[in-house]
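I'll drop the sequence and a predicted model, then ask my questions.
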Amino acid sequence: MADKDFLFPALGTNGVLQPGGPLSHDMVQKWIDEAVVGAGIHGMFSTHCYHCGGAQYWFMFAPMGQQWTLTHVQW
């Protein structure tokens, strides 16, 4: 990886990674929608669900000494 590469790079229409561009919100939402339908789950989920769930994990359930403070989480 180069200094300017994204951890989750964009994908071209042919499925080739584009390291210089970020993965779009619309693409991530499309994958979430496909996963929810494929799992037979009824309802709508967004990237917000995963963002807040991650913060909740690090605040409440992370191993001792690795937990985030309320200041860090900034609810």
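Looks like it came in fine.

Residue ranges in the protein under the pLDDT threshold?
The chain contains residues with pLDDT under 70 at 1, 73-75.

residue ranges for the helices of it, please.
In the chain, helices defined by DSSP state H lie at 25-38, 47-56, 70-73, listed in chain order.

could the ones you listed go into JSON lines alongside distance to T13 and mean neighbour count?
C-betas here are computed from N, CA, C, even on glycine. Shown next, in JSON lines, are the helices of the chain (distance: least, CB to CB, whole Å; neighbours: other CB atoms under 10 Å):
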{"stretch": "helix 25-38", "distance to T13": "11", "mean neighbour count": "12"}
{"stretch": "helix 47-56", "distance to T13": "22", "mean neighbour count": "12"}
{"stretch": "helix 70-73", "distance to T13": "37", "mean neighbour count": "10"}
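
can you redo those helices as TSV with distance to D5?
Supplementary listing: the helices of the chain in TSV, determined by distance: least, CB to CB, whole Å:
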stretch	distance to D5
helix 25-38	17
helix 47-56	21
helix 70-73	26
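
The ones you listed: which one's closest to A2?
Proximity of these to A2 was assessed by CB to CB; the nearest stretch is helix 25-38, lying at 21.4 Å.

chain center to that closest one, what's the gap?
The offset between the C-alpha centroid of helix 25-38 and the centroid of the whole chain comes to 11 Å, using CA atoms, centre = their mean, to the nearest Å.

So which elements touch the longest strand along the chain?
Assignment by DSSP state E gives strand 17-22 as the longest strand of the chain. In this structure, strand 17-22 makes packing contacts with strand 9-11, judged by 3 or more CB pairs under 8 Å, 6 or more residues apart in numbering; DSSP states H and E.
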